[in-house]
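Novice: Quick one: sequence plus predicted model below, questions after.
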Protein chains: 2
Amino acid sequence: MGTLVVTESELRTCLSIDKSALAAVERAFRWIAEGRVSMPPVMHITVDAESAVDTKGAFVDGIDHIAVKIATGFFRNPTIGLPSCSSIVALMNAKTGVFDCVFLDNGFLMDLRTGLAGAVAGKYLAPQNVHTVGVLGTGVQARYQIESLSLVRSFERLLVFGRNSTSVSKYCDEMAERLGIPVEPCATAEEMVRTVQTIVTTTPATKAVIPADWIHSGLHITAMGSDLPGKQELEAGVLDRADFIVCDVIDQCRIGGELQHVTVEHKRLHDLGSIIAGAQRFVRDPDAVTICDLTGTGAQDTAIAVEAYARVKAAGLGAML
Amino acid sequence: MGTLVVTESELRTCLSIDKSALAAVERAFRWIAEGRVSMPPVMHITVDAESAVDTKGAFVDGIDHIAVKIATGFFRNPTIGLPSCSSIVALMNAKTGVFDCVFLDNGFLMDLRTGLAGAVAGKYLAPQNVHTVGVLGTGVQARYQIESLSLVRSFERLLVFGRNSTSVSKYCDEMAERLGIPVEPCATAEEMVRTVQTIVTTTPATKAVIPADWIHSGLHITAMGSDLPGKQELEAGVLDRADFIVCDVIDQCRIGGELQHVTVEHKRLHDLGSIIAGAQRFVRDPDAVTICDLTGTGAQDTAIAVEAYARVKAAGLGAML
């Protein structure tokens, strides 16, 4: 017996933004659509206005392991040179409850599953031919989302808008190197939105950054920044303008996603898992406007942790304690 | 940086049923009474009718660490030779959210804090002179509760009632050795209740085991078996008969403790923390009947984890990963 303890650096040697990891996260949305996921509400411990501990978990019927993730967000940390977020993920045997593995992943698994969920959205909803992609924000997810998206669309140019020019410039350099394509800053968010065929929004904004009148036909938006009450990146009119709105979990998006700011009849809403499973047939009109609202789910945490465990075992990594 | 990972066997070398651990758990009840504890509801993941994962946590204002405990209860495990329960406890720095320590404790910290909470109840509520103690049940908590109680009362004899004679006999042998006093089985629960001055009930019963007419003056009962809706060890009349009813957390006892089966006016209820802090002056009449209803709190988990971390650090134990 014993528990395999795996560090972030060990995880990074065997797991990355790659096609099997993408397939793992895609499976999580199928599980939700198939009604196999038992997922309680997030356990939220408030420390102060800028610090909290959030715990998520999911049991998936038929899957060998259950994951519970404890994630910390302490947003004054950068002032003392520490990252804001960290996490650990515990993986329990679904038959016995035995703790088979603990990942000391420092947020890596969460960053990965969040970025890959954006790619799943892009795979099923973005136009087939995307020449230029736009990204709003220059943080960790601006990196994970776009690198993940490159697994499913071969775009030739990336435009970025952010408010801090140093961060924008650093982002451009890094991502140009990583993707091997031109990555260019935009002077305004409007210029970016009007130019591209697909956008990923990754900011912690609490007021809409993208108004409805910038939206053009053929545009897909993956909005992943808003995941809690009070957050917003898209003006309500953007959702009115959309031909097709897809959520990771509709009820959760109504609470914390872009949907919290607008009333949309249920028939205009679709869940990502049903699209993937083909339960709701979707063929994209090249001129349609599509939006995917992502808030993050415990099922994704379980999916990526199960994938990580398989790779760690295959590579003989971790310390058995 | 890094996270200190500590195993159950390492923990057992530096932490046990002792007076400083008792003081640590006693502090948890003071914290609650002082309004310093931020404790969300338990996060419950149902696996099936006999298996679940429960996560608890608490932030305590002014304490350096936050603990989150993930506990599994898989009650078919004994049929395949595995213990039913396991757990891990994560300890995060309350200023930065950094994961300073993960205890792979297999339920040891929970068993300890639960047993010691019973001793805190006994310390403040049991008669000063307890000659004979009774215990209902023969499981893990029947051991932890009584050994903990021996820190606060020097009783000379222990009576036990359980339904499985092999378990009773094993319990008597083990505890006589551990406590150095006679430990004797009772033929009936009634005989036990009528003979002793203090009882601890530790069963998972869902129907009352102790009726009101067995209760005699001068008796104290610590009822710790009932901690979830549907559980019950004491007939409702037992609580009516009590002069003084104390809870770890009143609202939680109304949901999962003995209080769920009876309507008691609020003025007859007291919380353990207020008694300890002296906010509610309590001098025990030797002839009074007292009851303490314990359901378990995240504050106790934080208290015992903080104590464990201090000892582990002092002893240089654990692996820094």
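Specialist: Cool, the structure landed. Numbers count the residues shown, from 1 in each chain, chains lettered A, B, ... in the order given.
Novice: Can you show me the strands along the stretch 151-300 of chain A?
Specialist: A:157-161, A:183-185, A:198-201, A:220-223, A:244-247, A:269-271, A:290-293 (DSSP state E, counting those that start in this stretch).
Novice: Note down every partner strand of the second one and its orientation.
Specialist: It stands for strand A:183-185. With DSSP bridges as the test, strand A:183-185 is paired with strand A:157-161 (parallel).
Novice: Measure how buried A:A205 is and give me the count.
Specialist: 17 (other C-beta atoms under 10 Å in any protein chain shown). C-beta: built from backbone N, CA, C; applies to glycine.
Novice: Could I get the pLDDT score of it?
Specialist: On pLDDT, A:A205 comes in at 92.
Novice: That one and A:G230 touch, don't they?
Specialist: No. A:A205 is beyond contact range of A:G230, at 10.2 Å (criterion: C-beta atoms under 8 Å).
Novice: Next one: the residue sitting nearest the centre point of chain A from chain B, what distance?
Specialist: With distances taken as C-alpha atoms, centre = their mean, A:T114 lies nearest the centre of chain A, 2.6 Å away. In this view, A:T114 and chain B are 18 Å apart by C-beta to the nearest C-beta, to the nearest Å.
Novice: For that residue, grab phi and psi.
Specialist: phi -70, psi -40 (degrees, to the nearest 10).
Novice: which ones are touching it?
Specialist: By C-beta atoms under 8 Å, 6 or more residues apart in numbering or on different chains, the contact set of A:T114 is A:Q141, A:Y144, A:Q145, A:M224, A:L294, A:G296, A:Q300.
Novice: Spatially nearest residue to A:G230 (excluding sequence neighbours)?
Specialist: A:T206 (5.5 Å; C-beta to C-beta, 6 or more residues apart in numbering or on different chains).
Novice: and A:V249, how many neighbours does it have?
Specialist: 24.
Novice: and it, what pLDDT?
Specialist: 91.
Novice: residue contacts, it?
Specialist: A:I32, A:D271, A:T295, A:T297.
Novice: go with 10 Å
Specialist: A:29, A:32, A:37, A:39, A:255-257, A:271-273, A:293-299 (C-beta atoms under 10 Å, 6 or more residues apart in numbering or on different chains).
Novice: Among the residues you listed, name the buried ones.
Specialist: A:29, A:32, A:37, A:39, A:256-257, A:271-273, A:293-299 (16 or more other C-beta atoms under 10 Å in any protein chain shown).
Novice: so which of those also contact chain B?
Specialist: A:M39, A:G298 (C-beta under 10 Å from any C-beta of the partner chain).
Novice: just checking, which of the buried ones among the contacts of A:V249 belong to helices?
Specialist: Within the buried ones among the contacts of A:V249, residues falling in helices by DSSP state H are A:F29, A:I32, A:G256, A:L272, A:G273, A:G298, A:A299.
Novice: wouldn't the first one be in contact with A:R113 here?
Specialist: I take that to be A:F29. No. Using C-beta atoms under 10 Å, A:F29 is not in contact with A:R113; the gap is 11.2 Å.
Novice: Now the common contact residues for the two.
Specialist: A:T297, A:A299, A:Q300, A:A303.
Novice: what's the most distant pair in these?
Specialist: Pairwise distances among those were taken by C-beta to C-beta; the largest, 9.2 Å, belongs to A:T297 and A:A303.
Novice: For these two, list the residues in contact with both.
Specialist: Joint contacts of A:T297 and A:A303 (C-beta under 10 Å, 6+ apart) are A:A28, A:F29, A:W31, A:A58, A:R113, A:A117.
Novice: My guess is A:A58 contacts A:P40. True?
Specialist: Yes. The pair A:A58 and A:P40 qualifies as a contact (C-beta under 10 Å) at a distance of 8.4 Å.
Novice: Now do the shared contacts for those two.
Specialist: By C-beta under 10 Å, 6+ apart, the residues touching both A:A58 and A:P40 are A:G298, B:I45.
Novice: Between these two, point out the one with more neighbours.
Specialist: When neighbours are counted by other C-beta under 10 Å, A:A58 and A:P40 differ, and A:A58 comes out ahead with 26 against 20.
Novice: and that one, helix, strand or coil?
Specialist: strand (DSSP: H, G, I helix; E, B strand; the rest coil).
Novice: gap between the closest residue in space to it that isn't next to it in sequence and B:I88?
Specialist: Of all residues not flanking A:A58 in the chain, A:G298 sits nearest, at 3.5 Å (C-beta to C-beta, 6+ apart). A:G298 sits 17 Å away from B:I88, taking C-beta to C-beta, to the nearest Å as the criterion.
Novice: Start and end of stretch A:267-275, how far apart?
Specialist: 14 Å (C-alpha to C-alpha, to the nearest Å).
Novice: tell me how far that stretch is from the chain's mean position?
Specialist: Distance, stretch centre to chain centre, for stretch A:267-275: 17 Å (C-alpha atoms, centre = their mean, to the nearest Å).
Novice: per-residue confidence at the spatially closest residue to A:F74 that is not a sequence neighbour?
Specialist: Nearest residue to A:F74, sequence neighbours excluded (C-beta to C-beta, 6+ apart): B:G97, at 3.9 Å. B:G97 carries a pLDDT value of 97.
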